[in-house]
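> 3D model of this:
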Amino acid sequence: MGGKVFSEPRGDQAALRTPRMSEAVYIRTRDFCIDKLRQSFEVVVAPPEAPGKLDYGDVDTLVQGLRPGFTWEEVGKRLNSVRTVRNGETRSFAVPIVCSDGDGDDGEEDTYAQVDVHVCRPGFMEWECLLDSYGDMWKIVGKFMRPLGLTATDKGLHVRIAEIEPFNRAYSMVYLTHSPMDVLDFVGLDVERYQRGFKTLDELYGWCASAKYFHRDAHSSGLETSNDRQRKRKRPMYRNFVDEWIPRNAELWQDKKPASREDVVQQALLRFGKQAEYKERVTAWRYKREEEELWSEVGCVIAEECSTNVNIVLRGLKRWVRFTNGDGDGRSANDEPVRLVLRTEAEMDPDRQPRWASQISHELGDNPLSKAELLEWVRKHWQEVKVLEKGRVAAAKAARR
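Have a look, this model is predicted:
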């Protein structure tokens, strides 16, 4: 949160003074908080900060595993917090700063450190620590992964399915892993070097750029999003990497060709054993799109024939129509054509209603129903369907009286 949670008034609460901390104050405050938090949580970690920082805006901690008797009120008391703000799974505490001789701070009274305590899901502590370590490190890594179809969230590393992403980004993401070491190894980053840590920004930048899939083109202005531009304005470490370090080290990529998204996605699926899930997701998506597109065409046919009550007809078609080839199974298993017939009772369970697009697929047999035949049937029978559905609605209303 950047140390600004308490710097503005909130309701009837006055703003608190939360100045940036010198290294000495930061270390003392961090160690104090870790010691107190361990009384409430089984695991407490403060992700390493970016190397070379001159001052610090807040103290970030990750916690996991509640100890017996845990309450957030008790956590606040142990930290001597005067105020708490919750943001999802993160709570920010205003912890008094106690300065000592030689800290390099002004020593004014009533100054506070913003201490963020984020509760990690079981099994995700190491992963979230990777994302939060060394300042903007993962923002740099994540930026060159994005054009390659890879996305890291607090839930792990995912591949994005290109044909789904423009329509439904969340559904396009297939989970791969949340193992930090496996992810670093896959993208070609030296795990042991990461574990040793970095003393300078130049060391950290060089490590990020050593990745197998890194290429300067990923950081070109042509691929910048509004979030990237905002990050450059607000995050000096990220801005310095993009605007200064990359141009200064251009020779590192002089003969390096950028990897293709398709190749990287396939390598990731193979590495993490997700080919089947990826294929199932693509198949389900295509099926869903075919169904939506067909119903859009059906809706247009109804709208041409009926100026009002279009929706009731569409609902009725889904509830009152079934497909059969004479055997009643809805598939063209022999030479008889697939036909649309009206039910004697409405099928109200959406999961049991037929999927119309599948009935005109060539995979169903040698004698499938054509789209033209299906739409023509709708033109001829929509009025019957409307009567059936309106009658069902009226009967349902009468039964509730």
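
> quick one: pLDDT of residue 76?
Here, the pLDDT recorded for residue 76 equals 97.

> Report the contact partners of it.
With contacts defined as Cβ atoms under 8 Å, 6 or more residues apart in numbering, residue 76 is in contact with 84, 93. Just so you know, the C-beta spots here come from the backbone N, C-alpha and C atoms, and that holds for glycine as well.

> let's have the chain start at 158 instead
Yep, numbering from 158; the last one is residue 233 now.

> For it, give its distance to residue 276.
Counting by Cβ to Cβ, to the nearest Å, the gap from residue 233 to residue 276 is 14 Å.

> Provide a list of residues in contact with residue 197.
220, 223, 224, 227, 231, 232, 235.

> Mind doing that once more with 7 Å?
224, 227, 231, 232, 235 (Cβ atoms under 7 Å, 6 or more residues apart in numbering).

> what's the neighbour count on the last one?
Right, residue 235. 17 (other Cβ atoms under 10 Å).

> doesn't residue 193 make contact with it?
Yes - look at residue 235 against residue 193 with Cβ atoms under 7 Å: they come within range, at 4.2 Å.

> For the one residue sitting closest to the centre of the chain, list each beta-bridge partner.
Nearest to the mean C-alpha position of the chain, by Cα atoms, centre = their mean, lies residue 310 at 5.5 Å. When bridges are called by DSSP bridges, residue 310 pairs up with residue 313.

> from the contacts of residue 197, which single one is nearest residue 515?
residue 227 (51.9 Å; Cβ to Cβ).

> what about the closest one, which helix or strand?
For residue 227, there is no enclosing helix or strand under DSSP states H and E.

> What sits closest to it if chain neighbours are left out?
Of all residues beyond its chain neighbours, the one nearest residue 227 is residue 197 (5.2 Å), with distances taken as Cβ to Cβ, 6 or more residues apart in numbering.

> Report the beta-bridge partners for residue 331.
With DSSP bridges as the rule, residue 331 is bridged to residue 316.

> Just confirm it contacts residue 319, I think it does.
No - using Cβ under 7 Å, residue 331 makes no contact with residue 319, being 11.7 Å away.

> and whichever strand or helix holds residue 441, how far from the chain's centre?
Counting by DSSP H and E, the element that carries residue 441 is helix 432-462. Remark: helix 432-462 is offset 24 Å from the chain centroid, using Cα atoms, centre = their mean, to the nearest Å.

> Same question for stretch 234-241.
32 Å.

> again, but for stretch 430-442
That offset, for stretch 430-442, works out to 18 Å (Cα atoms, centre = their mean).

> could I have it exported to PDB, CA atoms only?
This file holds the C-alpha atoms of stretch 430-442, laid out as PDB (Å, rounded to 0.1, in the frame of the first residue of the first chain):
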ATOM      1  CA  GLY A 430       1.300 -31.400 -17.500                       C
ATOM      2  CA  LYS A 431      -1.700 -29.200 -18.400                       C
ATOM      3  CA  GLN A 432      -2.200 -30.100 -22.100                       C
ATOM      4  CA  ALA A 433      -5.500 -32.000 -21.400                       C
ATOM      5  CA  GLU A 434      -7.000 -29.200 -19.200                       C
ATOM      6  CA  TYR A 435      -6.000 -26.600 -21.900                       C
ATOM      7  CA  LYS A 436      -7.600 -28.600 -24.600                       C
ATOM      8  CA  GLU A 437     -10.800 -29.200 -22.600                       C
ATOM      9  CA  ARG A 438     -11.000 -25.400 -21.900                       C
ATOM     10  CA  VAL A 439     -10.700 -24.600 -25.600                       C
ATOM     11  CA  THR A 440     -13.300 -27.200 -26.600                       C
ATOM     12  CA  ALA A 441     -15.700 -26.000 -24.000                       C
ATOM     13  CA  TRP A 442     -15.200 -22.400 -25.000                       C
END
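
> Name the residues of that stretch that are buried.
431, 435, 438, 439, 442 (16 or more other Cβ atoms under 10 Å).

> Strands of the protein, start to end?
198-202, 216-223, 241-244, 247-253, 269-276, 307-310, 313-317, 330-334, 478-481, 496-499 (DSSP state E).

> Quickly run through the sheet partners of the last one, with directions.
Translated: strand 496-499. strand 478-481 (antiparallel).

> residues of the strand it pairs with that come out buried?
Those would be 478, 479, 480, 481, for strand 478-481 by 16+ other Cβ under 10 Å.

> The second one and residue 274: what is the separation?
By that I understand residue 479. Residue 479 sits 57 Å away from residue 274, going by Cβ to Cβ.

> just to revisit the earlier point, tell me which of residue 331 and residue 319 has more neighbours.
In this view residue 331 and residue 319 are compared by other Cβ under 10 Å, and residue 331 has more residues nearby, 23 against 13.

> How confident was the prediction at that one?
99.

> what's it in contact with, if anything?
315, 316, 318, 431, 434, 435, 438.

> burial of the first one, as a residue count?
Residue 315: 21 surrounding residues under other Cβ under 10 Å.

> and residue 273, how many neighbours?
Using other Cβ under 10 Å as the criterion, the residues surrounding residue 273 number 21.

> For it, which residues are in contact?
158, 215, 216, 217, 218, 247, 249.

> For the strands of the chain, could you give me TSV that also reports distance to residue 384?
Below are the strands of the chain laid out as TSV (distance: least, Cβ to Cβ, whole Å):
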stretch	distance to residue 384
strand 198-202	27
strand 216-223	20
strand 241-244	19
strand 247-253	20
strand 269-276	21
strand 307-310	13
strand 313-317	16
strand 330-334	17
strand 478-481	47
strand 496-499	49
